[in-house]
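> Next input, structure requested:
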Amino acid sequence: MMTKTSPAATAEPVLWQGCPAPRAFTFRHWRWSVASLPAFAGLLFLAPRATAEFPSTMFFCWLPALLAAGYGSLGQLLQARLEWSGVRYVLFGSRLQVSRGWPLRRREELLLQDLAGWRVLPVAGQVVTLRLHGRAASRSLQLLCLEGPQGLLRHLQDNLPAARDKNIDTAPGP
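You can find the predicted model right below:
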């Protein structure tokens with residue numbers, strides 16, 4: 001079961017802990033940046049010329065479009081970089097906890113007894129995204145851009161032999 005916990009949860013031993021690879025985490029949505037950059041550059045070029053002729057259109061038309069294109073091209077990269085510093089993954093004896101979020105931090109956890117399987121999605125080199133699936137269809141947890149996941153996977157396989165034999169999918173997927 002996935003639950004939200006307080007920072008002072010319990011005194012369980014930490015079996016494994018990690019964090020995402022910084023560049024992979026920051027640039028994981030790079031396609032949006034590439035697609036938004038021409039729109040941002042075009043709006044930066046056209047907005048001053050258009051507002052010189054029609055000043056009232058700046059606030060209602062150009063400014064929202066400029067802000068949206070600016071966020072899509074550069075803002076989301078900055079937000080991801082700021083979020084990266086607070087993302088942590090911790091495996092305790094009975095649960096896996098993920099801390100993430102910016103500017104508000106949130107903690108999610110998946111109890112190991114509820115773990116039904118996982119899927120390893122390669123990102124680049126030794127960096128993968130690990131999707132953990134709970135027994136309930138709505139329960140899942142993602143460990144984004146995890147560098148060197150072998151330690152965590154070894155702990156999961158050692159502690160969950162029943163889950164390993166049932167439905168573990170480590171094939172690349174969408």
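> Now for the spatially most central residue of the chain: which residues touch it?
In the chain, the C-alpha closest to the average C-alpha coordinate belongs to Leu144, at a distance of 4.7 Å (C-alpha atoms, centre = their mean). By C-beta atoms under 8 Å, 6 or more residues apart in numbering, the contact set of Leu144 is 20, 25, 28, 87, 129. For every residue, glycine as well, the C-beta is placed using N, CA and C.
> Can you say which of these are buried?
Buried subset of those (neighbour count, 16 or more other C-beta atoms under 10 Å): 20, 25, 28, 87, 129.
> so is Ala50 in a helix, a strand, or just coil?
Secondary structure state of Ala50, per DSSP: H, G, I helix; E, B strand; the rest coil, is helix.
> for Leu130, that is, sorry about that
strand.
> neighbours around the nearest residue to it once chain neighbours are set aside, how many?
Ranked by C-beta to C-beta, 6 or more residues apart in numbering and with sequence neighbours excluded, the top spatial neighbour of Leu130 is Leu143, at 4.3 Å. The criterion is other C-beta atoms under 10 Å. On that basis, Leu143 has 22 neighbouring residues.
> Look up how far Glu108 lies from Leu143.
When distances are taken as C-beta to C-beta, to the nearest Å, Leu143 and Glu108 turn out to be 11 Å apart.
> can you list residues touching both of those two?
With contacts taken as C-beta under 8 Å, 6+ apart, Leu143 and Glu108 have Val98 as neighbours in common.
> who touches stretch 33-49?
Taking C-beta under 8 Å, 6+ apart as the criterion, the residues outside stretch 33-49 that touch it are 27, 58, 62-63, 65-66, 69-74, 76-77.
> Got the confidence number for the residue of the chain most remote from its centre?
Among the residues of the chain, the one whose C-alpha is farthest from the average of all C-alpha positions is Glu53, by C-alpha atoms, centre = their mean at 43.3 Å. Glu53 is assigned a pLDDT of 76 by the prediction.
> how close does it sit to Phe45?
Between Glu53 and Phe45 the distance is 15 Å, computed by C-beta to C-beta.
> One more: Leu130?
Taken as C-beta to C-beta, the span from Leu130 to Phe45 is 43 Å.
> Of those two, which one has the most company?
Per other C-beta under 10 Å, whichever of Leu130 and Phe45 has more neighbours is Leu130, with 21 against 9.
> where exactly do the strands run in the chain?
Listed in chain order, the strands of the chain (DSSP state E) span residues 2-3, 14-18, 88-92, 95-100, 106-111, 115-124, 127-134, 140-147.
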